[in-house]
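Engineer: Build me a model:
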Amino acid sequence: MMDLGRLRALHAVAVHGSVGGAAAALGFTPSAISQQISKLERETRTTLLERQGRGVALTDAARRLADTAEHVLTLVEQAEVTLEEQRGLPFGRLLLAAFATGARGLLPGALAELRERCPELDVRLLEADPYPAADLVARGEVDLALVQDWPTVPLPVHEGVSRMELGIDPVDLLLHADHPLAELAVVPVARLRGQRWISVPSGNICHDWLVRTMREAGDEPDVVYQVGEFETQIALIAAGLGIGLVPRLGRGPLPPEVIARPVVPEPSRRVFVLWRTQTSRRPAITAALEAIRNHWVAR
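Structural biologist: Below you'll find the model as predicted:
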C-alpha cells in the first residue's frame, strides 16, 4: 500500500511545479520532499521525477499518479472532517495561507489564541499573495486563506469555496514631508498623475489595483520601484524616491520624514477568509475563523 505522505508530496510537486514550491506549501524542507518522492519511486518501481535544467519535471506516470492522489487526499480530508466533527474538538494539522501584512497585523494574536484554546491542533502558516492563496484553498493545499482584494479588482473565488468577510482596510498615500502634495490635507486621485510610484511587483493584486486606478484617472503609472515588503517601500519613500499607497493593516509607525494623507476617492481593500465549503463542519475551521474574527475586531 502506498504511503499517504508520499502521495501528498507528489501531488504538491505537481501542483506547485517544483520540489521547493511543494516544500514551502507543506511546511517541509526540499530535501524532505525529495526523500519522500524517492521512497515513492522505490515503492512503485517507477520513475516519477526527471531532471530538467535546474529543476525537475514529472513523468507521464507521475502525472497520472498525482491525479489519483488528488482524489485520495479529498477522500481522506472528508474522513478527517467526519472524525473531528464526531470528536467535537479541533485536532490534527491546519495549514493557513495569508498575505504579508495580514500575517503581520492580524494573525500573531489569532494564532496564539488557537494554540491556547486548541492544544491538539497543529497550525502552520504560509505567506502567499491572494491570487495563489485562493488557488491553494481550491486545490486543497491549504485549509484556510486570509486574503484581500479591491472593489475594482475583485479576487476570483472558485466554486466550492466559502468566504467570511472581515471588513475594510483603509489605504493612505505615503510621501516624503518635502513632497509638494504634502501641503494638501486630502489628495484627489487626479493630482497623482505623473508621479513616480513605489509599489509591489507586477502580478500582485495591489499592483493591479494601482495600475487600474491610475488608468481610470487618465494616467499610466510610472512604477519605478517594485518591492514586495511595505517596510521597504516606506524606506524608499523616506529617501524621497517616490510615493506609494500603503494599507494600514500591519503597518508600523512611520519615519519622521514620511507623512500619510487620505486620498479621494478613498482607496480601501477588502479583507476576508476563504476555506473549502466541504470542510465547514470541521471544528478546527470553526475555531480558526472565530479566532481571526476576534482579533480583527480587537485590533
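
Engineer: C-alpha from now on. contacts and neighbour counts both.
Structural biologist: OK.

Engineer: Let me see the ranges of the strands in this structure.
Structural biologist: 49-52, 55-58, 92-98, 121-127, 144-149, 161-176, 187-188, 196-199, 222-226, 244-247, 258-261, 263-264, 268-276 (DSSP state E).

Engineer: List the buried residues of the longest one.
Structural biologist: Buried residues in strand 161-176, defined by neighbour count with 16 or more other Cα atoms under 10 Å: Val161, Ser162, Arg163, Leu166, Ile168, Asp169, Val171, Asp172, Leu173, Leu174, Leu175, His176.

Engineer: again with stretch 93-107
Structural biologist: For stretch 93-107, the neighbour count (16+ other Cα under 10 Å) marks 94-107 as buried.

Engineer: and what of stretch 208-224?
Structural biologist: So stretch 208-224, judged by 16+ other Cα under 10 Å, has buried residues Asp208, Trp209, Leu210, Val211, Arg212, Thr213, Met214, Asp219, Glu220, Pro221, Asp222, Val223.

Engineer: Stretch 128-138 too?
Structural biologist: Buried, per 16+ other Cα under 10 Å, within stretch 128-138: Ala128, Asp129, Pro130, Tyr131, Ala133, Ala134, Asp135, Leu136, Val137, Ala138.

Engineer: was I right about the first one contacting Thr101?
Structural biologist: Which is Ala128. No. Using Cα atoms under 8 Å, Ala128 is not in contact with Thr101, being 10.5 Å away.

Engineer: Pick out the residue closest to the middle of this protein.
Structural biologist: Ala128 (2.9 Å; Cα atoms, centre = their mean).

Engineer: Report the separation between it and Ile205.
Structural biologist: Using Cα to Cα, to the nearest Å, Ala128 is found at 11 Å from Ile205.

Engineer: ditto for Leu89
Structural biologist: From Leu89 over to Ile205 (counting by Cα to Cα), the distance is 36 Å.

Engineer: out of the two, which sits in the more crowded spot?
Structural biologist: Ile205 (19 against 16; other Cα atoms under 10 Å).

Engineer: Leu155: neighbouring residues, count only.
Structural biologist: 16.

Engineer: What backbone torsions are found at it?
Structural biologist: Main-chain torsions, Leu155, degrees, to the nearest 10: phi -80, psi 120.

Engineer: just for this structure, where's the confidence low?
Structural biologist: Applying pLDDT under 70 to the chain flags the ranges 1, 77-88.

Engineer: Start from the N-terminal end of it and give the helices.
Structural biologist: Secondary structure of the chain, counting by DSSP state H: helices at 4-16, 19-26, 30-44, 60-87, 100-105, 107-117, 130-139, 205-216, 230-238, 283-298.

Engineer: which one of those helices lies closest to Ala182?
Structural biologist: Ala182 lies closest to helix 230-238 among the helices of the chain, at 12.6 Å (Cα to Cα).

Engineer: Other residues contacting the closest one?
Structural biologist: 174-176, 198-200, 227, 242-244, 246, 251, 254-255, 257-258 (Cα atoms under 8 Å, 6 or more residues apart in numbering).

Engineer: How about stretch 21-41?
Structural biologist: By Cα under 8 Å, 6+ apart, stretch 21-41 touches 2-3, 5-7, 9-10, 12-13, 15-16, 19-20, 47-48, 124, 126, 141-142.
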